[in-house]
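Student: missing the sequence, but the structure's below:
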Ligand code: HAM
């Protein structure tokens, strides 16, 4: 009979895999707490409508969607942003501002599988609602860098590329593009790094031949890599909105500099983000070597809460994916080796020994110690090897001789020293050893 396997792109987590995932989640959660973010969750299954025309064409084609038994069109969540907007929107007036929330959850996208991309993956999402100025971006980008740096990654391992859809809008409008053309062009820019000139194909199909001057101006702009270059290109336009926007840029970069984070940040107008709802600053984190797909992505989405039926509420956030991130940690040798070792292994000779050992085993576990023992009778000599192989620090020995003398032999497996203690003192001795 054929054996069952998990679906393509879905992952099983054996205990060692889960230990690695837990390690990542624990540190992300701890960082979020240090930044004062509160944790939330939402349903895995949502109305399909939540994603239609809000997340963008690409995500829509990747949905795991179906009709449920009640005839509802539903989808497994491909991302958290629409759900968190629904949650916040429903209680916006009751929530203390700024609303700083995070979650760690699983998502589903029917994607073409490749290194660091699956059909089921986890994300750490962090979002701030109710703060229209770049102060929110400062807080989030600082947290994003700390979420990665807390594992020992440095500016030599990753960086955050920072861009701005507002400036792209102002720039493309000034070049004569209407709203539909601007959006089409942003789609092309999002694909440019990967496909080069082919990225413009969709735009040409929709809007007709691309003027050479326009294309050159777009390509020049997406190659901008510094605030100075941005100011030079845009400053001359004398546009009021652009001048105000450049002031936001200075505030954002200044704030990050004051936090000592400039070394992680790269101005890069080549980033526009594929998701349709972004409205302002956008950013993505990548490994420095450029070998992996994006580690994280985010940006401002000031219209989405209202579009989903809530009040007008400015918002900005990001998500880190677990798959590319785990690959980067492995590559840099920063993923600890998780050994599932007990603290104590009990070596037991016969029924009397078992009876004596069981009381101690249960008492030690109730104290929070991790204790293991052979569940079935195993030759006494062989149990010493089991104890050594388990990785335990202590072996408690309950042989016939010990039981007859009313003692327990405690062997320190780290330095192989041994001593006998009266049975009644075993728990206290072990507690002292680990304190
Ligand atoms: P995203 O860029 O689609 O943004 O995803 C963020 C991160 O999730 C990516 O950089 C990547 O690490 C990971 N990711 C995405 N798709 C996959 C996949 N198929 N397999 C493995 N990892 C994947 C969002 O999802 C936005 N909702 C983020 C956000 C939060 N924006 C504002 N708030």
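Tutor: Done, it's in. Just so you know, these numbers come straight off a predicted model, no measurement behind them.

Student: contacts and neighbour counts: CA atoms only from here.
Tutor: OK.

Student: give me the residue from the stretch 51-200 of the chain nearest the ligand.
Tutor: residue 117 (3.4 Å; Cα to the nearest ligand atom).

Student: what residue, apart from its backbone neighbours, is nearest that residue spatially?
Tutor: residue 323 (6.8 Å; Cα to Cα, 6 or more residues apart in numbering).

Student: what residues does the chain put near the ligand?
Tutor: Contact residues (Cα under 6 Å from any ligand atom) of the chain with the ligand: 79-81, 109, 111, 116-119, 121, 123, 125, 127, 294-299, 316-321, 323-324.

Student: related to what we said a few turns ago, run through the bridge partners of the residue of the stretch 51-200 of the chain closest to the ligand.
Tutor: residue 114 (DSSP bridges).

Student: and the strands in the stretch 301-435 of the chain, which stretches?
Tutor: 315-321, 344-348, 371-372, 394-398, 407-412, 417-422 (DSSP state E, counting those that start in this stretch).

Student: most tightly packed of these?
Tutor: strand 344-348 (a mean of 27; mean count of other Cα atoms under 10 Å).

Student: ok, the residue of the stretch 51-200 of the chain closest to the ligand - contacts?
Tutor: Applying Cα atoms under 8 Å, 6 or more residues apart in numbering to residue 117 gives the contacts 111, 323, 324.

Student: I'd like those as CSV, with neighbour count and pLDDT appended.
Tutor: Converted to CSV, these look like this (neighbours: other Cα atoms under 10 Å; pLDDT from 0 to 100):
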residue, neighbour count, pLDDT
111, 16, 92
323, 19, 97
324, 20, 97
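
Student: of all the residues in the helix or strand bottoming out on mean pLDDT in the chain, which ones are buried?
Tutor: Least confident helix or strand, the chain: helix 57-61 with a mean of 79, by mean pLDDT, DSSP states H and E. For helix 57-61, a neighbour-count test (16 or more other Cα atoms under 10 Å) marks 59, 60 as buried.

Student: so which bits of the helix or strand that it is followed by are buried?
Tutor: Using DSSP states H and E, the helix or strand that directly follows helix 57-61 along the chain is strand 65-67. Residues residue 65 are the ones in strand 65-67 that count as buried (16+ other Cα under 10 Å).

Student: give me the sheet partners of strand 65-67 and which way each runs.
Tutor: Going by DSSP bridges, the partners of strand 65-67 are strand 73-76 (antiparallel).

Student: surely residue 122 meets residue 322?
Tutor: Yes - contact criterion Cα atoms under 8 Å: residue 122 and residue 322 qualify, at 5.5 Å.

Student: for residue 356, find the nearest of the strands of the stretch 301-435 of the chain.
Tutor: Judged by Cα to Cα, the one of the strands of the stretch 301-435 of the chain that comes nearest to residue 356 is strand 394-398, at 7.2 Å.

Student: helices and strands around the closest one, which ones?
Tutor: Here strand 394-398 touches strand 344-348, helix 350-366, strand 407-412, going by 3 or more Cα pairs under 8 Å, 6 or more residues apart in numbering; DSSP states H and E.

Student: which residues are contacting the longest one?
Tutor: Surrounding helix 350-366, the residues in contact under the criterion Cα under 8 Å, 6+ apart are 346, 348, 370, 371, 377, 398, 399, 400, 403, 426, 427.

Student: in that helix, what's buried?
Tutor: Buried-residue list, helix 350-366, by 16+ other Cα under 10 Å: 353, 354, 356, 357, 360, 361, 364.

Student: quick one: it to strand 394-398, angle?
Tutor: For helix 350-366 against strand 394-398, the angle by axes from the mean of the first three to the mean of the last three Cα atoms, to 10 degrees is 140 degrees.

Student: what do you get for the last one?
Tutor: Relative orientation of strand 407-412 versus strand 394-398 (the same axes, to 10 degrees): 160 degrees.

Student: can you offset everything so residue one is 33?
Tutor: Taking 33 as the first residue, the last one we looked at is strand 439-444.

Student: can you list contacts of strand 439-444?
Tutor: 425-430, 434, 449-455, 458.

Student: tell me the one of these nearest the ligand?
Tutor: Looking across those and measuring by Cα to the nearest ligand atom, the closest to the ligand is residue 425, at 38.3 Å.

Student: for the closest one, give me phi and psi.
Tutor: phi -80, psi -40 (degrees, to the nearest 10).

Student: so it makes contact with residue 401?
Tutor: No - here residue 425 lies out of contact with residue 401, judged by Cα under 8 Å, at a distance of 11.4 Å.

Student: tell me which of these two has more neighbours.
Tutor: Neighbour count, other Cα atoms under 10 Å: between residue 425 and residue 401, residue 425 has more, with 20 against 17.

Student: any idea how far that one is from residue 409?
Tutor: 22 Å (Cα to Cα, to the nearest Å).

Student: pull out the buried positions in stretch 248-255.
Tutor: Buried residues in stretch 248-255 (16+ other Cα under 10 Å): 250, 251, 253, 254.

Student: correction: stretch 178-197
Tutor: Here stretch 178-197 shows 178-180, 183, 185-187, 189-197 as buried, counting by 16+ other Cα under 10 Å.

Student: quick one: residues in contact with that stretch.
Tutor: Counting by Cα under 8 Å, 6+ apart, 59-60, 63, 177, 295-304, 310-321, 361, 366 sit against stretch 178-197.

Student: of those, buried ones?
Tutor: 59-60, 63, 177, 296-304, 310-319, 361.
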